[in-house]
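Colleague: Here is a sequence with its predicted model. Questions after.
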Amino acid sequence: MFNFEQIYLKIKPNLKNILKKQKTIKEDIHFRVLRLIEKNPEITQRELAYKLGISLGSANFCIKALIEMGQIKIKNFEKNPHKLDYLYLLTPSGIEKKAKLAANFLKRKLVEYELLKHEIDSLIQDNVR
């Protein structure tokens, strides 16, 4: 039988890092969705899921969250016989949020780049010796 208190006490020291990583992943996905929608407002959720490497359900969940946050709005093609086709548009707050997420994304990627570069340089030095 599971003792949830023992499990909690084991993961508690790492819980803050776990939650921070989850937040970062969510922000990265939101940024990438906003970016793809800005490039192609007619993109389908299936295409979004494929391009992001996530499930269709996750793409739908993300779209709904962005709509609820007021960062995108959705329009149905009125004259389209396929009433399931939508047009996704970034709202002004969506454009602003995308810019903030882009800045954070770039900062994280630059740090990752520097860490990788340092590690590669270190490996090269180890092999030269």
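Modeller: Received it, and whenever you're ready, just let me know what you need.

Colleague: which residues does the most centrally placed residue in the chain contact?
Modeller: Per Cα atoms, centre = their mean, the C-alpha nearest to the average position across the chain is that of Ile29, at 1.1 Å. Each residue near Ile29 by Cβ atoms under 8 Å, 6 or more residues apart in numbering is listed here: 52, 54, 58, 62. The way it works is simple: take the backbone N, C-alpha and C, and place the C-beta from them, glycine included.

Colleague: would CSV of these with neighbour count and pLDDT be doable?
Modeller: Formatted as CSV, those follow (neighbours: other Cβ atoms under 10 Å; pLDDT from 0 to 100):
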residue, neighbour count, pLDDT
Leu52, 16, 93
Ile54, 16, 91
Ser58, 15, 91
Cys62, 22, 91
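
Colleague: Please report the distance of the residue nearest to the centre of the chain from Ile120.
Modeller: 28 Å (Cβ to Cβ, to the nearest Å).

Colleague: And the helix or strand the residue nearest to the centre of the chain falls within, what's buried?
Modeller: Of the helices and strands defined by DSSP states H and E, Ile29 is found in helix 4-39. If you call a residue buried by 16 or more other Cβ atoms under 10 Å, then helix 4-39 has these buried ones: 27-34, 36-38.

Colleague: just stretch 67-75 next, same as before
Modeller: Residues of stretch 67-75 classed as buried: 71-72 (neighbour count, 16+ other Cβ under 10 Å).

Colleague: End to end on it, go ahead and measure it.
Modeller: 11 Å (Cα to Cα, to the nearest Å).
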